[in-house]
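# quick one: sequence and predicted model below, then my questions.
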2 protein chains.
Amino acid sequence: MKHIIINKKILENNDNIAVKNRSAFKFNKVFTINLLGSPGCGKTSFLEGIIEKSKMNSKMSVIEGDLYTTKDAKRIEDKGVDVIQLNTSGACHLDAYMIDKALLEINMDKLDLLIIENVGNLVCPSAFDLGEDIKVTIMSITEGNDKPLKYPAIFEKSSVVILNKMDMIELTNFDLDEFYKDIYSINKNIKVFEVSCRNKEGLEEVMNYFFKEINKKKMKWLYEE
Amino acid sequence: MKHIIINKKILENNDNIAVKNRSAFKFNKVFTINLLGSPGCGKTSFLEGIIEKSKMNSKMSVIEGDLYTTKDAKRIEDKGVDVIQLNTSGACHLDAYMIDKALLEINMDKLDLLIIENVGNLVCPSAFDLGEDIKVTIMSITEGNDKPLKYPAIFEKSSVVILNKMDMIELTNFDLDEFYKDIYSINKNIKVFEVSCRNKEGLEEVMNYFFKEINKKKMKWLYEE
């Protein structure tokens, strides 16, 4: 099928630029997270929460991917963190080329952490490597526990899942046991954090995990020099 | 940019097959709904609800689009409605060609209504005409009121928005006034229904609206004969 061949070509081009981005991140020792999830799962609220907890504003930067609007970028800016808005003009995912262009606007010298908030979409963004160190997927309780089996690619490729809106679990028929069974059947190494961004619960554990991963990666980069 | 040209070609091919599907629906006098929305917004729960309310099981059929799994199709089958499962093997949307193939499995003679549940995705499915009469988008309160402005294409092209999970509104900061202001700024003719699929509230109004649209379309088809 033609469609598939075309996609392969797009992905090949993307992967070449992702390699370039990854080298730039390594050169500047910037740990990079590709933040994924459905529309309304709480990606921006999560970012707001961990900015507050981490107190590393000056060492952190955010790239906000949206089809249109600068709503999310403004929310991050209000928290005192440098932010680049990337509008895809309707495209359903960020690609490595867009990040390559955004990096021209970022002073990576002073950074330890770059978080790229992808377009709200549980399908397409998972196919595009941006050059990031890890993919983190946010999934909210209100989406239902069947999402890992229905959208496996994104969970297969993620190192971390943030299970958001835990404060609403009693109001839903979300089955935590089923969720854990399903998610580990797809990716047995995935790390799951249960949080409520609304009540700021569970975010410190996530940030501590990120700190550890940042330090591990820095040691690795130093060792490879 | 190559990417855009390729997409145009795919969309042109799609539109040609959509025309064919639309003719088949008209010939058989089957009103067709393309049901859209994010993962977990409640598309299948909505279907379960209106199947119960409509009592037109034998005159109704459902095509279930999913990347993988037959979970949703089983839920519809349990309600006594004929259902075709379409698995896209990872593709982020249904296209007219997939529907063309599915129609081979459906006896349209006896049908008044065909509902096509698209892949959970607020971006890509909106670009692909399937030959349907109307697009209906489900959006849940827990996704936040900023979605229409952030994902305008799908709301521009929809005739109806089902605002689901109204029972949870008190637990969120969803701003109904903002939502209505935004949605009408994108599409002033859009019809909005506030429902709770969990509590089966508001579904009768939706079904009555569908009945009216089905009858209007039947009259139009008769007139055109």
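Perfect, thanks for sending it. Note that the structure is a prediction, hence the values are computed from the model and not measured. Numbers count the residues shown, from 1 in each chain, chains lettered A, B, ... in the order given.
# could you verify that A:Gln85 is part of a strand?
Yes. Judged by DSSP: H, G, I helix; E, B strand; the rest coil, A:Gln85 forms part of a strand.
# what sits opposite it in the beta ladder?
A:Glu64 (DSSP bridges).
# give me the neighbour count for it.
19 (other C-beta atoms under 10 Å in any protein chain shown). The C-beta positions use only the backbone N, C-alpha and C, and glycine is treated the same way.
# same check, this time on the one 4 residues further on
Taking other C-beta under 10 Å as the criterion, the count of residues near A:Ser89 is 6.
# next, give phi and psi for it.
phi 50, psi 40 (degrees, to the nearest 10).
# could I get the pLDDT score of it?
pLDDT recorded at A:Ser89 is 83.
# same check on A:Gly202?
A:Gly202 carries a pLDDT score of 97 in this model.
# A:Lys9 too?
Confidence at A:Lys9, expressed as pLDDT, is 63.
# same deal with the one 3 residues further on?
At A:Glu12 the predicted local distance difference test score is 79.
# okay, now it: neighbour count?
For A:Glu12, the count of nearby residues is 9 (other C-beta under 10 Å).
# skipping its backbone neighbours, what lies nearest the residue positioned nearest the centre of chain A in space?
The residue lying closest to the centre of chain A (C-alpha atoms, centre = their mean) is A:Leu35, at 1.1 Å. Distance criterion C-beta to C-beta, 6 or more residues apart in numbering or on different chains; nearest residue to A:Leu35, sequence neighbours excluded, is A:Glu117 at 4.8 Å.
# who does the helix or strand where the residue nearest to the centre of chain A lies touch, helix- and strand-wise?
Per DSSP states H and E: A:Leu35 is located in strand A:31-37. Helices and strands touching strand A:31-37, by 3 or more C-beta pairs under 8 Å, 6 or more residues apart in numbering or on different chains; DSSP states H and E, are helix A:43-54, strand A:113-117, strand A:134-140, helix A:203-224.
# for B:Val83, which of those is the nearest?
strand A:134-140 (26.0 Å; C-beta to C-beta).
# for the closest one, name the packing helices and strands.
Packed next to strand A:134-140, using 3+ C-beta pairs under 8 Å, 6+ apart, are strand A:31-37, helix A:152-157, strand A:160-164.
# what bridges to the residue nearest to A:Leu35?
As assigned using DSSP bridges, the partners bridged with A:Glu117 are A:Leu35, A:Glu64.
# now stretch A:171-187, how far from the centre of its chain.
A distance of 21 Å separates the centroid of the chain from that of stretch A:171-187, by C-alpha atoms, centre = their mean, to the nearest Å.
# quick check: A:Asn21 touching A:Ala96?
Yes. Between A:Asn21 and A:Ala96 there is a contact at 5.7 Å, judged by C-beta atoms under 8 Å.
# which neighbours do those two share?
Shared contacts of A:Asn21 and A:Ala96 (C-beta atoms under 8 Å, 6 or more residues apart in numbering or on different chains): A:130-131.
# mind checking which of the helices and strands packed on strand A:31-37 is nearest B:Met60?
strand A:134-140 (31.0 Å).
# output the closest one as CSV, nothing but the C-alphas.
The C-alpha trace of strand A:134-140 is given here as CSV (Å, rounded to 0.1, in the frame of the first residue of the first chain):
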residue,chain,number,x,y,z
ILE,A,134,12.4,9.4,27.6
LYS,A,135,8.8,9.4,26.7
VAL,A,136,6.3,10.0,29.5
THR,A,137,2.6,9.4,28.9
ILE,A,138,-0.1,11.0,31.0
MET,A,139,-3.4,9.1,31.2
SER,A,140,-6.3,10.2,33.3
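# between strand B:134-140 and that strand, find me the angle.
Interaxial angle, strand A:134-140 versus strand B:134-140 (axes from the mean of the first three to the mean of the last three C-alpha atoms, to 10 degrees): 90 degrees.
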